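1. give the three-dimensional model of this entry:
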Amino acid sequence: MNTATIKFEAFESLKNEDCQQRILKAKKTLGNEIIILGHHYQNEEVYRHADLAGDSLKLAKYVENLDAKYIVYLGVHFMAEVANILSRPGQITVLPDLSAGCSMADMANLAKVERSYRELNKVLNFDNSITPITYINSAADLKAFCGEHEGIVCTSTNAAKILNWAFSQKEKVLFFPDQNLGRWTGHSMGIPLDLMPVWDPDLPLGGLTEEQIINAKVLLWKGHCAVHQMFRLEHIETFRKQHPDGFVISHPESPFEVCLNSDFVGSTDFILNTIKNAEHGTKWLVGTELNLVNRLANEMKPENKLVQFMSHVVCECSTMARIDPQHLAWTLENIINGNPVNIIKVPNKEAQLAKLTLDKMLEVS
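-> Got it, this is the predicted structure:
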């Protein structure tokens, strides 16, 4: 076994077809030593190699029961961190491209969250009044912050259950980093919009008055998903004119008016299952990431189902798309070579606090 790292430059110029063969060969060589997890938003060229696929919640649940030494994550950085936190000692989590991140997750960092904590303490006692909830689309240190302050993690699948749990603990919630998911979940639970003001971490007191903070049920962090934010009400109106018998289904990261005018709203797994279980010949406008919609559209053709991407603009998640066949082949061959690259390792103290919130999430879910 050669312990020298194979440089990525040797893979950059390889054609996709050549990489596909090398990936298949590497997987066969490694056998049960690796497991490849794939998020639904990944490019088909790498998604096809996933041993297990799903949304963030499903993949988090998978991690708890994996025996493989190496967990290769086809997703983004925060997902690989979750896998590392939930995996057993001795297991190694690898992210084929370290530049695969999440623009939404970047909208909330620890410095801003801690400053918001101090600002809110000027008006009320944070730890007595507020449960911090971080969307799973966030860095490990934010999950650790929630662990330190009796908070929890949520996903788009379980957000309502998590909010209900939070309100059984304390009267208010600070929900970050995605305001759209928080707003739609709160609205679905009957919380008035004026009791869910937007908290801008770059402004004193989040840009709110003391009265607004005291009256608030949910403080919504000023953050969003760049892809879902592109969906518009006019996209739905155009579709309904063209297909009056069609259905609109959206991810709750979409803007409020898009969710409000959709027939169904739910997580990526919910979207997939709803359309797959629908009657033959039905027509669907889908408000979520392009790779998932295109893959689903092809799968549904034999059932004569029309599956259409909501926006007229091609807007795949650019950071989700970073992992390509070249990076995957390079990653696997380095594992074979005895020198795995791009290992994701969350610092121990941070991981312990973050695990409290993830375990709590899985229990509540």
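2. going by C-alpha atoms from here, please, whenever you check contacts or count neighbours.
-> Will do.
3. for the chain, what's the longest helix?
-> Determined from DSSP state H, the single longest helix within the chain is helix 348-364.
4. who's in contact with that helix?
-> Applying CA atoms under 8 Å, 6 or more residues apart in numbering, the contact partners of helix 348-364 are 61, 85-86, 140-148, 151-154, 161-162, 165.
5. quick check: Val153 is in a strand.
-> Yes. With DSSP: H, G, I helix; E, B strand; the rest coil as the criterion, Val153 is assigned to a strand.
6. write down the beta-bridge partners of it, one by one.
-> Beta bridges link Val153 to Thr134 when assigned by DSSP bridges.
7. can you pull the contacts of it?
-> Shown in contact with Val153 (CA under 8 Å, 6+ apart): 133-136, 143, 146, 162, 357-358, 360-361.
8. nearest residue to the middle of the protein?
-> Asn137 (4.6 Å; CA atoms, centre = their mean).
9. is it in a helix, a strand, or coil?
-> coil.
10. let me see the contact set for it.
-> 78-79, 102, 104-105, 155, 177.
11. what residues does stretch 41-55 touch?
-> 35-40, 59, 74-75, 267-269, 289-292, 295, 317, 320-321, 323-325, 328.
12. and that stretch, what's buried?
-> Neighbour counts using 16 or more other CA atoms under 10 Å place 41-44, 46-47, 49-50, 53-55 of stretch 41-55 among the buried residues.
13. CA atoms of stretch 175-184 as CSV?
-> C-alpha atoms of stretch 175-184 as CSV (Å, rounded to 0.1, in the frame of the first residue of the first chain):
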residue,chain,number,x,y,z
PHE,A,175,-35.0,30.3,14.4
PHE,A,176,-31.9,30.4,12.2
PRO,A,177,-30.6,30.6,9.5
ASP,A,178,-33.7,30.2,7.2
GLN,A,179,-36.5,32.6,7.7
ASN,A,180,-38.7,31.0,5.1
LEU,A,181,-38.8,27.6,6.7
GLY,A,182,-39.4,29.2,10.1
ARG,A,183,-42.2,31.5,8.8
TRP,A,184,-44.0,28.8,6.9
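14. next, count neighbours for the residue nearest to Phe126 when sequence neighbours are not counted.
-> Residue nearest to Phe126 in three dimensions, not counting chain neighbours: Leu120, with 6.4 Å by CA to CA, 6 or more residues apart in numbering. A count of nearby residues for Leu120, using other CA atoms under 10 Å, gives 20.
15. cool, Lys58 as well?
-> 15.
16. which stretches of the stretch 251-365 of the chain have low pLDDT?
-> In the predicted model of the stretch 251-365 of the chain, residues 313-321 satisfy pLDDT under 70.
17. show me where the stretch 151-300 of the chain has its helices.
-> 159-169, 179-188, 210-215, 233-242, 256-260, 268-276, 290-300 (DSSP state H, counting those that start in this stretch).
18. can you tell which of these is closest to Ala10?
-> Proximity to Ala10 (CA to CA) singles out helix 290-300 among those, at 27.5 Å.
19. test my guess that Ile236 contacts Val248.
-> Yes. Using CA atoms under 8 Å, Ile236 makes contact with Val248 at a distance of 7.2 Å.
20. what do these two both touch?
-> Residues touching both Ile236 and Val248 (CA under 8 Å, 6+ apart) are 262, 285.
21. if we can go back for a sec, any idea how far Gln179 is from the residue nearest to Phe126?
-> Using CA to CA, to the nearest Å, Leu120 is found at 18 Å from Gln179.
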